[in-house]
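K.L.:
need the 3D shape of this:
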Amino acid sequence: CLFPSPPHSLIWVVHLHPTAMKLGHAVWSRLGRAVTPSARESRMPDLPALAAELEVLPQLERKPWVMLSDARQALEQRLELGTDELMLLLAQWLQQSTGAPAAVGLAHVSNNVYFGPSLDLTTQQMLPEQVLLGSLFSHGEIGLDAYAAPSPPAGESAELLRELATFKRLRWLDASVPVTLGPAADKE
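P.N.:
Purely as a prediction, here's the structure:
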């Protein structure tokens, strides 16, 4: 819950639900491998282990909730996936790992990937799109080229995405569709 601490102070303390994502934690160190039953049954690769193998894990852990374009390209090459397919895989991994709605976006200029897990702030839940765009803009980005989520944005999410300078060219990628992994994924 949110409450002033101490009374009559302008400082607010946010108490998060114990399983909720925290803003200061990288998704890579907090989540690890997706462990839900659907993740075990699927061919979901162990993305943190692949990142460690590619020597990009320290970068991913140091830069919370963003994958810089060089790390994205390394994962694409290792998994033999295009950018859209990797984004779908990342969105599925994030949702399976958190057990909550999630979205992933590709920044317009930098081609960095931003993560948007929903956040449970006890008295309020932040939508994946709110978290995604908050991270995007805090890194000086101007918009998204692509957005991967299990369903098209609706309601508040759609309204928020319409505010992007790049909205007219924004692509929605359906993260409910399984990603077909090639033989490179089996090398893990």
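K.L.:
which element, helix or strand, includes residue 105?
P.N.:
Assigned by DSSP states H and E, residue 105 belongs to strand 102-107.
K.L.:
pLDDT on that strand, on average?
P.N.:
Averaging pLDDT along strand 102-107 gives 96.
K.L.:
what's the longest helix in this structure?
P.N.:
Under DSSP state H, the helix in the chain containing the largest number of residues is helix 83-98.
K.L.:
leaving out sequence neighbours, find the closest residue to residue 129.
P.N.:
Setting aside the residues directly before and after it, residue 129 is nearest to residue 157 in space (CB to CB, 6 or more residues apart in numbering), at 4.2 Å. All C-beta spots, glycine's among them, are computed from the backbone N, C-alpha and C.
K.L.:
immediately after the strand or helix carrying residue 146, which helix or strand?
P.N.:
Assignment of secondary structure by DSSP H and E places residue 146 within strand 144-149. Tracing the chain past strand 144-149, the next element assigned as helix or strand by DSSP H and E is helix 155-161.
K.L.:
avg pLDDT for the following helix or strand past that following helix?
P.N.:
Sequence-wise, the next helix or strand downstream of helix 155-161 (DSSP H and E) is strand 171-174. Averaged over strand 171-174, pLDDT sits at 95.
K.L.:
point to the residue nearest the middle of the protein.
P.N.:
For the chain, residue 115 is the residue whose C-alpha lies nearest the centre (CA atoms, centre = their mean; 2.1 Å).
K.L.:
is it true that that residue touches residue 72?
P.N.:
No: applying CB atoms under 8 Å, one finds residue 115 not in contact with residue 72, separated by 11.8 Å.
K.L.:
packing partners of the helix or strand where residue 48 lies?
P.N.:
If you go by DSSP H and E, residue 48 is part of helix 47-53. When contacts are defined as 3 or more CB pairs under 8 Å, 6 or more residues apart in numbering; DSSP states H and E, helix 47-53 packs onto helix 27-31, helix 57-62, helix 69-79, helix 83-98.
K.L.:
buried ones in it?
P.N.:
By 16 or more other CB atoms under 10 Å, the buried positions in helix 47-53 come out as 47-48, 50-51.
K.L.:
same question, stretch 134-146
P.N.:
Neighbour counts over stretch 134-146 (16+ other CB under 10 Å) mark 134-136, 141, 143-146 as buried.
K.L.:
how about that stretch as PDB, C-alpha atoms only?
P.N.:
Extracted in PDB, the C-alpha atoms of stretch 134-146 (Å, rounded to 0.1, in the frame of the first residue of the first chain):
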ATOM      1  CA  GLY A 134       7.800   4.300 -18.500                       C
ATOM      2  CA  SER A 135      11.100   2.300 -19.000                       C
ATOM      3  CA  LEU A 136      11.200   3.300 -22.700                       C
ATOM      4  CA  PHE A 137      10.800   7.100 -22.000                       C
ATOM      5  CA  SER A 138      13.100   7.000 -19.000                       C
ATOM      6  CA  HIS A 139      15.900   5.800 -21.300                       C
ATOM      7  CA  GLY A 140      15.300   8.700 -23.700                       C
ATOM      8  CA  GLU A 141      13.500   6.700 -26.400                       C
ATOM      9  CA  ILE A 142      10.800   8.400 -28.600                       C
ATOM     10  CA  GLY A 143       8.600   5.500 -29.600                       C
ATOM     11  CA  LEU A 144       8.100   1.800 -30.500                       C
ATOM     12  CA  ASP A 145       8.300   0.100 -33.800                       C
ATOM     13  CA  ALA A 146       6.800  -3.200 -32.500                       C
END
